[in-house]
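[1] coordinates for the following, if possible.
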Amino acid sequence: MLFWIIVVSIPIAYYFLKPKKEKAMVLQKPDFNKDVVYLVQFPVSPQIRTISPFALKLETYLRMNKVNYEPVYALAFSKKGQIPYIELNGEQIADSNIIIKELEQKGITKPDYLSEDQKAVNHLAIRTVENHLAWTGFLWRYGFHMPEFYDKLCEPYYGKSRSLFFFKNVQPTTYRFNSKIHGIGRHSMEEVTEFAGQDLKGTKIMIITITRNNVISNVNFAALSNILGDKKFFNGDEPTNIDCAMFGHLVQFVYMPMDMPHKHYILKECKNLADFVDRMKDRFWPDWDEMCKGSCMDGHRGIKYQQQ
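    Numbers count the residues shown, from 1 in each chain. As a prediction, the model looks like this:
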C-alpha cells in the first residue's frame with residue numbers, strides 16, 4: 001500500500017513543484033462591480049471560517065479597513081497557482097502581502113502609521129509566523145491527520161465526493177515530501193530546538209516538539225505571547241495589519257475542533273493569545289457563527305458589515 005502511495009505521489013508532487021508557465025488569467029467574477037474587492041478563497045469550514053489562514057488574514061484586513069468586498073468561494077487558483085487572491089476591476093492580485101501592498105498603493109486602504117522599530121518587529125513576526133509556525137500546523141493536519149481534518153473541517157461543505165483516496169492517502173505523503181523541501185521536515189528534535197534557540201536568543205521561549213515518523217514541529221507561541229504582553233493588540237490599543245495576520249493564523253489553532261497540541265499549549269501557557277483571538281473576533285466578526293456556516297456559500301458583501 002505504501003509503495004503505491006509513493007508511486008502515485010511522486011508525479012503529483014513533480015506536477016506541483018516543476019516550473020510552470022504563467023497561466024492565462026481567468027476571472028471568477030467577469031461581471032464584476034467597479035471598485036468591489038472580490039476575495040477568492042476556499043469554501044467555508046465550520047468553526048474556523050476557512051482552512052486558509054491567509055484568507056482569514058485578508059478578510060479581516062478588509063473588514064478592519066471597511067472595504068467593500070465580497071467573498072467568492074471556489075477551488076480555483078490564481079495565475080500564480082495561489083489561493084486566496086483578489087479580483088479588483090478585472091485585475092487579479094495574488095499573495096496576501098502583495099495584496100495588502102497593492103490596496104495601499106491604490107488608496108483603497110491606509111498603511112499603518114508606526115515607528116520604524118515597530119515596522120521591523122511586525123515584519124519579522126509576520127514572516128516567522130507565515131514561513132515557520134504556519135508550516136508546523138500544516139504538517140500536523142495535512143501530513144499526519146488529514147483524514148480526521150478533512151472529515152471535520154472540509155467534508156461538511158466540500159462534500160463527500162472529495163473525500164477520496166487522494167485527500168486521505170496521497171496528499172499526506174505529498175505534504176510530508178513538501179515539508180522536507182521547505183526544511184521543517186528534515187531536522188532532528190535536537191537540531192530544531194537548537195535552531196529555535198539561535199533564532200530567538202534572549203527571548204523567553206517554550207519549544208514544543210512533536211515527533212512522528214521522525215518529523216519535528218516546533219511552536220514559538222511564547223515569543224508571540226511576549227510581544228503581545230498585556231496590550232489589547234500587538235501595537236497597542238488599536239489593531240493594525242499585524243493583528244489581522246496573527247488572528248488569521250492563531251484561529252487555526254485556538255478554534256480548531258481537533259485535539260491539537262498547538263491549541264493545548266496556547267490555552268495553558270499563552271492565554272493572552274487566546275484572549276486576543278476572541279477580542280479580534282468580537283471586534284471584526286460579529287457575524288462569525290453565520291459566516292462559518294454553509295449558507296455563506298452564497299456570498300457576503302463587506303458593505304453589509306460596514307453598515308452595522
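[2] got the contact list for Met258?
    Contacts for Met258 (CB atoms under 8 Å, 6 or more residues apart in numbering) come out as Arg141, His145, Glu148, Phe149, Lys152. Every C-beta, even on glycine, is put in place using the N, C-alpha and C of the backbone.
[3] in helices only, show me those residues.
    Glu148, Phe149 (DSSP state H).
[4] can you say which of the contacts of Met258 are buried?
    Among the contacts of Met258, those buried by neighbour count (16 or more other CB atoms under 10 Å) are Arg141, His145, Phe149, Lys152.
[5] can you redo these as TSV with pLDDT and distance to Leu62?
    Putting the buried ones among the contacts of Met258 into TSV (pLDDT from 0 to 100; distance: CB to CB, whole Å) gives the following:
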residue	pLDDT	distance to Leu62
Arg141	80	26
His145	78	30
Phe149	81	27
Lys152	80	27
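[6] tell me which of the contacts of Met258 is nearest to His262?
    Arg141 (9.8 Å; CB to CB).
[7] can you name the residues that contact the residue lying closest to that closest one once chain neighbours are set aside?
    Nearest in space to Arg141, with sequence neighbours left out and distances taken as CB to CB, 6 or more residues apart in numbering, is Phe149 at 4.5 Å. By CB under 8 Å, 6+ apart, Phe149 lies in contact with Arg141, Tyr142, Met258.
[8] ok, so what distance separates Phe149 from Val37?
    Using CB to CB, to the nearest Å, we find Phe149 at a distance of 29 Å from Val37.
[9] and if you look at Cys244?
    14 Å.
[10] go on, Lys110?
    Distance from Lys110 to Val37, by CB to CB: 15 Å.
[11] one more: His249?
    According to CB to CB, His249 and Val37 sit 21 Å apart.
[12] ok, Tyr69 next?
    Tyr69 is 4 Å from Val37, by CB to CB.
[13] shaky segments in the chain?
    Scanning the chain for pLDDT under 70 picks out 1-24, 155-220, 294-308.
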